[in-house]
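Asks: Pasting a predicted model and its sequence here:
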Amino acid sequence: MQKLFRNYWTVILYFLLVVGCSERNLTDITPNQFKGTDTERIQAAIDKAAETTGKVIIPADNSNGSGIWLLDSAILLPSNIKVILENCTIQLSDSCRDNMFRSGNAGIGITDPQWVRNVSIIGIGDVLLKGADNPRATGDGARTLVSEKQPGRVSYGSDAGKKGKKQKGDWRNIMILMAYVDGFKLKNVNIENAHAWAVSFERTLNAEISDITFDCPDFQKVNGKEVFIRNRDGIDLRHGCKNFRINNISGTTEDDFIALSTLGIYSDNLEGGTLNSTMVTSKKWSGPEDDTENIYITNIVCKSATRAIAIRANDVASINNVYINGVIFEGGYNAMLVGGKGYGKDSQPGKINNIHAMNIMGDGRSLIQIEEAIADCSFINGLYRGDEAQIILYNTDEAKTRNIITHGLKKLNE
């Protein structure tokens, strides 16, 4: 009798578990429930979730048996969507000349994008986002595509020299591109061989970026041959980015690991929605709404040919209230560049202000480089491991800066 009783409850428990799992699977939306290419299936899942649960799960297993999700064009993200990446690999195909993920309000021909709100891309386990094995185009909008390394502003692309194919880079080379987004999260992903900037934001508010690794060096092997790729930044904040928390980011990039930039407002082709820029939205400066401010950057460990953190603006825009704590840098120039020149009209005195950085360690030509008339900034507790004489290098008249506090900056072994 006792044995029968135990078997009875075993059957009941099994039934409840099966029903529970079935109900969970029925409510979860995944691309494996749809037909078409990987791009079409993922987009269909997202479109369905946007009308129902607000959540999509991209699992490790692709029902086509490939073990990978291969994209031919960008996945467009609407408001109120959470994309859960479960131990999966997503890669751009060799035929793709587009982003991997883009906010659905921006693209070719869209000159007045409407706001998108509450978008999340969350990795669970080991998630890998990869560029193409043989990318059609790489680099920013000023790079000309070439098949082999040569002097000038050039970068590799298999489209180089092909009739009817655009011979310059543009915003489609950015892996993850968000524009006019209020409320964004990106967490726990590994990014490898982005075609230019790995993650870029334009006029984005209230963002959390954490636990990201980059493997984006200045070259990759294509058909057994090393090709060189330019403008492989990690994270870029362009016009009007506000209220960001960037934490626990590591890895290697060819160019700036993290860049805060308001640039290009005096260039040609200021309108958004064209392919003549590395910005998908307008490069115009519309006033203080296009200032970048309230940015918190912590726990950065990186290697870059240029800088760990670069801050650049022009004569009208402001970058202010940036708080940095914990940077370990190995690379070519400096752990920090504050006020970079060479991208239009120089920033005016005090436009870049309240940049406060502490616990910075790095090598290169100096620990910190200052190129503009910044104001009300502090640099506290830094260790310079390089060979040059100056810990802080001024490439501007130091007398034009105002209220700069330095404390606890020293060279290794001194």
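Replies: Here it is on my side, so go on.
Asks: Just say helix, strand or coil for Arg41.
Replies: Following DSSP: H, G, I helix; E, B strand; the rest coil, the label given to Arg41 is helix.
Asks: give the contact list for it.
Replies: With contacts taken as C-beta atoms under 8 Å, 6 or more residues apart in numbering, Arg41 has the following neighbours: Pro31, Asn32, Phe34, Lys35. (C-beta placed from N, C-alpha, C; glycine too.)
Asks: just the buried members of these?
Replies: Buried by 16 or more other C-beta atoms under 10 Å: Pro31, Phe34, out of the contacts of Arg41.
Asks: Which ones among the contacts of Arg41 lie within strands?
Replies: By the criterion of DSSP state E, membership of those in strands covers no residue at all.
Asks: Could I get the contacts of Arg41 in CSV, plus columns for pLDDT and distance to Ala196?
Replies: Formatted as CSV, the entries for these read as follows, by pLDDT from 0 to 100; distance: C-beta to C-beta, whole Å:
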residue, pLDDT, distance to Ala196
Pro31, 98, 26
Asn32, 98, 31
Phe34, 98, 30
Lys35, 98, 32
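Asks: Closest one of the contacts of Arg41 to Thr252?
Replies: Of all the contacts of Arg41, the one with the least separation from Thr252 (C-beta to C-beta) is Pro31, at 30.5 Å.
Asks: could I get the contacts of Arg41 as TSV with distance to Gly164?
Replies: Output for the contacts of Arg41, formatted as TSV (distance: C-beta to C-beta, whole Å):
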residue	distance to Gly164
Pro31	32
Asn32	36
Phe34	32
Lys35	31
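Asks: List the ones among the contacts of Arg41 that fall in helices.
Replies: Among these, no residue falls in helices (DSSP state H).
Asks: residue boundaries of the helices in the stretch 1-150 of the chain?
Replies: The residue ranges that make up the helices of the stretch 1-150 of the chain, judged by DSSP state H, counting those that start in this stretch, are 2-27, 38-51.
Asks: now the stretch 301-414 of the chain
Replies: Secondary structure of the stretch 301-414 of the chain, counting by DSSP H, counting those that start in this stretch: no helices present.
Asks: how near is the residue lying closest to Ser63 once chain neighbours are set aside to Ile58?
Replies: Distances taken as C-beta to C-beta, 6 or more residues apart in numbering place Asn32 nearest to Ser63, at 4.2 Å, with adjacent residues excluded. Counting by C-beta to C-beta, to the nearest Å, the gap between Asn32 and Ile58 amounts to 9 Å.
Asks: Just give me the neighbour total for Asn206.
Replies: A total of 16 residues lie near Asn206 under the criterion other C-beta atoms under 10 Å.
Asks: next one: phi and psi at Glu289?
Replies: Recorded main-chain torsions at Glu289 are phi -60, psi -20, according to degrees, to the nearest 10.
Asks: dump the residue contacts of the residue nearest to it when sequence neighbours are not counted.
Replies: In this structure, Glu289 finds its nearest non-sequential neighbour in Gly240, 5.7 Å apart by C-beta to C-beta, 6+ apart. With contacts defined as C-beta under 8 Å, 6+ apart, the neighbours of Gly240 are Glu202, Arg203, Thr204, Glu289, Asp290, Asp291, Thr292.
Asks: Look up how far Ala207 lies from Gly240.
Replies: As defined by C-beta to C-beta, Gly240 lies at a distance of 12 Å from Ala207.
Asks: Over to Ser261?
Replies: 16 Å.
Asks: Arg102 now?
Replies: Note on Arg102: its distance to Ala207, by C-beta to C-beta, is 15 Å.
Asks: pLDDT (mean, whole number) over stretch 262-275?
Replies: Averaged across stretch 262-275, the pLDDT comes to 89.
Asks: try stretch 163-172
Replies: If you average the per-residue pLDDT over stretch 163-172, you get 98.
Asks: Could you give the separation of stretch 70-85 from the chain centroid?
Replies: Averaging C-alpha coordinates over stretch 70-85 and over its chain gives two centres that are 15 Å apart (C-alpha atoms, centre = their mean, to the nearest Å).
Asks: and that stretch, C-alpha only, in PDB?
Replies: The C-alpha coordinates for stretch 70-85 follow below in PDB (Å, rounded to 0.1, in the frame of the first residue of the first chain):
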ATOM      1  CA  LEU A  70      23.600  34.300 -38.400                       C
ATOM      2  CA  LEU A  71      22.300  37.700 -39.400                       C
ATOM      3  CA  ASP A  72      22.000  39.200 -42.800                       C
ATOM      4  CA  SER A  73      20.600  42.600 -41.600                       C
ATOM      5  CA  ALA A  74      19.900  44.500 -38.400                       C
ATOM      6  CA  ILE A  75      17.500  43.400 -35.700                       C
ATOM      7  CA  LEU A  76      15.200  46.400 -35.000                       C
ATOM      8  CA  LEU A  77      14.200  46.900 -31.400                       C
ATOM      9  CA  PRO A  78      10.900  48.600 -30.500                       C
ATOM     10  CA  SER A  79       9.800  50.100 -27.100                       C
ATOM     11  CA  ASN A  80       9.300  47.900 -24.100                       C
ATOM     12  CA  ILE A  81      11.300  44.900 -25.300                       C
ATOM     13  CA  LYS A  82      13.700  42.700 -23.400                       C
ATOM     14  CA  VAL A  83      16.000  40.400 -25.400                       C
ATOM     15  CA  ILE A  84      17.400  37.600 -23.300                       C
ATOM     16  CA  LEU A  85      20.500  35.900 -24.800                       C
END
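Asks: So Leu145 sits against Ala160, correct?
Replies: Yes. The criterion here is C-beta atoms under 8 Å, and Leu145 meets it with Ala160 at 3.9 Å.
Asks: Many thanks, I have nothing further to ask.
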